[in-house]
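Enquirer: A predicted structure for the sequence below; I have some questions about it.
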Amino acid sequence: MLSLVTFLPFVGALLVAILPQGVAKMASLGVSLLVLAVSLPLWFGYDPAGANFQFVENMPWIDAFGVSYHMGIDGVSLLLILLTTVLTPIIVLAGFSGVEHGHRGYFALMLALEGAMIGTFCALDTFVFYVFWELVLIPMYFLIGIWGGQRRIYATVKFFIYTVVGSLLMLVAFIALYHWQYTQTGVWSTDLETLLKLHIPYSAQLWMFLCFALAFAIKVPMFPFHTWLPDAHVEAPTGGSVVLAGVMLKMGTYGFYRFAMPLFPDAVVTFGPAMIGLAVIGIVYGALVAMVQDDVKKLVAYSSVSHLGYCMLGLFALNAQGVSGSVFQMINHGISTGALFLLVGVLYERRHTRMIAEYGGLAKVVPKFAFVFMVVTFSSIGLPGLNGFVGEFLVLLGAFQFAPVPTAIAVSGVIFGATYMLWCFQRMVFGPLQNAANAELKDLVPREMAYLAPLLVAIVLLGVYPQPFLDRINPSVNRFVARFAEHYDGTPYKHAGPVPGWIAGNH
Amino acid sequence: MLALIPALPLLGAIVNGSLRGSRMVAGGIATAVVGLSAVLSFLTLFTVMGVAPGGDYPSQTLWTWMHTGALTVDIGFRADPLTAVMMCVITGIGSLIHLYSVGYMDDDGDKASVWRFFTYLNLFIFAMLLLVMGDSFPLMFVGWEGVGLCSYLLIGFWYTNSDYASAGKKAFITNRVGDFSFLIGLFWLYWSLGDKATFNFVQLADVIEKHPDLVGGMGGCAVTSICLLFFGGATGKSAQIPLFVWLPDAMAGPTPVSALIHAATMVTSGIYMICRLNFLYVLAPAAMATVATIGALTALFAATIAITQNDIKKVLAYSTVSQLGFMFLGVGVGGFTAGFFHVLTHAFFKALMFLGSGSIIHALHHEQDMRKMGGLRKYMPITFATFFMGYLAIIGFPGFSGFISKDEILWLTFSTNVFQDLPFGDVMPKVLWFIAFSTALMTAFYMSRLMFMTFFGEYRGGAHDAHDAHGAHDAHGDAHGHAHTPHESPLVITLPLMVLAVLSVFGGALNLPHWLPMSGGMETFLAPVFEPAEKVVTFSEGGSLEFVLMGVTTLGVFASVFAAWTMYVTKPEMPAEIAKKIPKLYTGSLNKWFVDEIYEAALLTPIVTASRQVLWAVVDAQIIDGAVNGAGKAASLVGELHGKIGHGKVQVYAISIALGTAFIVCAYALGGV
């Protein structure tokens, strides 16, 4: 089942690549919809009560090295996979216009990217994970490098340097882990579930965690490893931005959730405060820098830094609300920020500029666009009743119980978040129509409404009735949290009284 | 059935948003759903009145909203007496204002978008009902933010005017500052309750009553801080110092919006919240003292601004800020019923006066400057008569609703024992009383000024003036500005005025003072809600002093009215002369004591400048990117030294691999393998 969902996009990519240019659009739309259809049974077949991995496929692959083809999902991967399979047809449909050349290549790469991302979220073997992780980079590299904007080469190189450094450190840590496995058990294995049973000494945990953390932190991106993101976003084509913000950044947070944190629980305790500190800085810093951007795509990019800060804060809160909220926030961010990039793309195709100052007074000219933009804006701000609030609220509630003072600082994000989004919205949509070039703008066409509508539905649905999603996350999250409790007798993670756990230094 | 009450306006909003009907269709649908909600609300009120002491109030749970770990939040409603009264105010006054709007919005320049107005207005009623009916904090917060959203949309309703759109944004962001405080309070409260943590109001009251020690950590500092943080949220929504700055700007919205949202309902949410949390506040006398002090100071401060404003809506806006201050003073001194009762009477008379001013503005083609009004009582007799009732109520003319509610607050302030254990606890009530007393006199003065400038003397609006002012004040494209004599508004506008006038006059009967027969209706009805407070809060017996103070206040009010009459009717040259004698005070008051400018210079500009010049330009572009680019350059340099491999990127890859290998070696050494 998982293999089908993972490899179907690759097959589709090959198909699109060899079919004639003319049918590339429809063929890739068909493939992406088929993948979506194939992924739906995962949702319905998933047992919400089960905490263990489901849909498991496990077979030996490279016996000599103990590598197995081990795939399986828990509630968190389930939601991330569905996010990927829902976003891909939307991205493909959005790519029907705006992609000016090389349709075959563009769509084929997009589908390959989908497959690689799904594989990343399914892999339970470190080797398989690493392969998919690296596989994701290649299509993205070409998508920005070939279909990107004017400074695409600079952006690509920067993206490449950052991620390659991260990947290599991760590889180093995987090899070290592999070595530990052999020295402790006498058996070579790259299987995650086997590796989780190791008892790695504290000092070794520290540096291995650091390697992983750096690799994943770059991907998230956490402050101060975020500067590749604004450039990559600005230069990427619309679809690239959507997939980057919508799914790829979550590979970083997912990496923390699946590997870096459970493998090295002692190190998590040591570095937790630092990670929370960086997360909080990211939340505030991202929002403040977003506020002063003149380029709307950069604004959204920095807002991602801020929003992903919430995800990290929640993960390191190490309690049910924080972690569930974090996962929920990952999904939210994929939907809201994905929608924002799509909307920016809609404008860019019509006016070929991303400068906020070029717009203004759009509400009169393109009311449908303005309405969708408004809903997405308020989703991003975290208006209660829409999806953004649920994640933010749970993250902050959970994190406050663990680290009240940093969380209180993070709460200021609700002010700055509203400030940059509403300021941007006002400058673009309200006021008199100042630029004559906007007078004849065309409102959303049916195709655009078709791909924006599912996102709007998700924004409302996840805000009003998030429980079915939380139900699937909760058991996995509880298992994740319990792992830390069992290692540390729970002390720093349970209710610590009036003095915050890590400030009192009682770990 | 309970859920139907908020569901109807939501349905109205959805239908109006999809139908996009004309003014009559959209307005008709909107008014009908709110009217229906009002009927159901009153039925609920009667049900609640029939609940025996200790019995169960109507409640309904729809579905589980969020459940994770020990946290469970339901989408659930509950109507206790406090909620039931609020529901009736919201839907009752709400339906009157909807009806009024059908008449008022007739000359909107952008006729095609009147449906938008009614969609937002319905959505507002829905959110406001959520706020008061939600049975848990998070659900209340949905309403709390939802009304903020509607306020944002309605203030900026004429969005093509950048100033109006900015006013909406300012309102939302200022409220977010309050929410920042509110949320921290909420998280702290939840955290301090440990494994008994809950967000459900009923359970919360129960837990706090049984285990007050849970929030009593740090020598009572915890509960005080929590209460202060919640109050911080209230200063945003209810426009108190230091976050009141958005409300005067909010007058950019259409006048019915000012009446409904920015006078009668939304801005009282802060008082509602404190009443709801009375069980928590009575544990923290220092927090209550802060609430009372901020309330009194805001009341006074806003009055000093209202006294010189020339825009009729601005006077009413500052008057609202001031009256909200009175309400906070009331709840702060422990008079929860008194503070809440002022919410009710204020909703009557201030909604009335806002709608009355709307009737004038409508008749004068969007003229809002009182200097261009005058003598309107001849042209608009119904508006005048009803406005006059509201006026008598707000200045505290004996017997009128405002008199009864305000006098109760003044007396309770004077006689409260809540502060007795605090430093200066014995003089504080007297000082607060004096501030409130002075404010009451100023209120009488500036409201008389408004009354006399508007309705008395001769009509000062001329052809050219009207035209100019039209351009200045009205941005939504209604371009005709002929001189004509003002005319009375149609029945659809005057009918709500009449209903509200009756309530303004007789509304006091709902909670007569203790020295009259049939006294304390509201007090008895709300007693179950304020039970925890009543166990703790005591007031001194006044005897004859109570009546002496009442007499002094009333005489002072009459004197203020007389002073205003002299200055604005018999000797109209006097105000200018006085202004010349005290130029600094006059310009200060006229310019709202430059609070906006101070905030701009002290907060907004530094934050934006630092973000742009330091965070973005230096930290991001120079430090972080500098390091990255530097590493990239170094890598390609090394690559070139080795030469012949090809382009830079490959070299980067190569050098990274080299670095990585080095890392492996170090790592193994460190790990001791």
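Expert: Arrived safely.
Enquirer: Which element, helix or strand, includes B:Trp65?
Expert: strand B:59-68 (DSSP states H and E).
Enquirer: And the helix or strand following that strand, what does it pack against?
Expert: Helices and strands here follow DSSP H and E; after strand B:59-68, the next one along the chain is strand B:71-78. On a contact count with 3 or more Cβ pairs under 8 Å, 6 or more residues apart in numbering or on different chains; DSSP states H and E, strand B:71-78 meets strand B:59-68, helix B:137-155. C-beta here means a position set from N, CA and C on the backbone, and glycine is covered the same way.
Enquirer: and A:Lys219, what does it touch?
Expert: A:Thr163, A:Gly166, A:Met248, A:Leu249, A:Met251, A:Gly252, A:Gly255 (Cβ atoms under 8 Å, 6 or more residues apart in numbering or on different chains).
Enquirer: again, only this time at 6 Å
Expert: When contacts are counted by Cβ atoms under 6 Å, 6 or more residues apart in numbering or on different chains, A:Lys219 is found next to A:Met251, A:Gly252.
Enquirer: any idea how far it is from A:Tyr254?
Expert: In this view, A:Lys219 and A:Tyr254 are 9 Å apart by Cβ to Cβ, to the nearest Å.
Enquirer: A:His179 too?
Expert: 25 Å.
Enquirer: Point me to the residue of chain A nearest chain B.
Expert: Residue nearest to chain B within chain A: A:Ala320 (2.8 Å; Cβ to the nearest Cβ).
Enquirer: Run a quick neighbour tally on that residue.
Expert: A count of nearby residues for A:Ala320, using other Cβ atoms under 10 Å in any protein chain shown, gives 23.
Enquirer: surely it meets B:Thr68?
Expert: Yes: using Cβ atoms under 6 Å, A:Ala320 is in contact with B:Thr68, at 5.2 Å.
Enquirer: on that earlier part again, could you provide the helices and strands packed on strand B:71-78 in a markdown table, with additional columns for mean neighbour count, mean pLDDT and distance to chain A?
Expert: Shown next, in a markdown table, are those (neighbours: other Cβ atoms under 10 Å in any protein chain shown; pLDDT from 0 to 100; distance: least, Cβ to the nearest Cβ, whole Å):
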| stretch | mean neighbour count | mean pLDDT | distance to chain A |
| --- | --- | --- | --- |
| strand B:59-68 | 17 | 93 | 4 |
| helix B:137-155 | 25 | 94 | 4 |
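Enquirer: wait, which of the ones you listed is closest to A:Ala370?
Expert: helix B:137-155 (11.8 Å; Cβ to Cβ).
Enquirer: between that closest one and strand B:71-78, how big is the angle?
Expert: 60 degrees (axes from the mean of the first three to the mean of the last three Cα atoms, to 10 degrees).
Enquirer: near chain A, which residues of the stretch 201-350 of chain B show up?
Expert: Within the stretch 201-350 of chain B, the residues that sit near chain A (Cβ under 6 Å from any Cβ of the partner chain) are B:Gly217, B:Met218.
Enquirer: can you give me how far stretch A:93-112 is from the chain middle?
Expert: 21 Å (Cα atoms, centre = their mean, to the nearest Å).
Enquirer: buried ones in it?
Expert: A:93-97, A:99, A:103-112 (16 or more other Cβ atoms under 10 Å in any protein chain shown).
Enquirer: now swap in stretch B:279-298 and tell me
Expert: For stretch B:279-298, by 16+ other Cβ under 10 Å, it's B:279-298.
Enquirer: same thing with stretch A:353-362?
Expert: So, applying 16+ other Cβ under 10 Å, buried residues of stretch A:353-362: A:Arg354, A:Ile356, A:Glu358, A:Tyr359, A:Gly360, A:Gly361, A:Leu362.
Enquirer: Hmm, A:Arg427 and the fourth one touching each other?
Expert: No: assessed by Cβ under 6 Å, A:Tyr359 is found out of contact with A:Arg427, at 7.1 Å.
Enquirer: domains for chain B, by residue range?
Expert: B:1-135, B:136-590, B:599-671 (automatic domain parsing).
Enquirer: give me phi/psi at the closest residue to chain A within chain B?
Expert: Using Cβ to the nearest Cβ, the single residue of chain B nearest to chain A is B:Gly69, 2.8 Å away. Here is the backbone geometry of B:Gly69 (degrees, to the nearest 10): phi 60, psi -130.
Enquirer: hang on, isn't it packed against A:Ala320?
Expert: Yes: under the criterion of Cβ under 6 Å, B:Gly69 makes contact with A:Ala320 at 2.8 Å.
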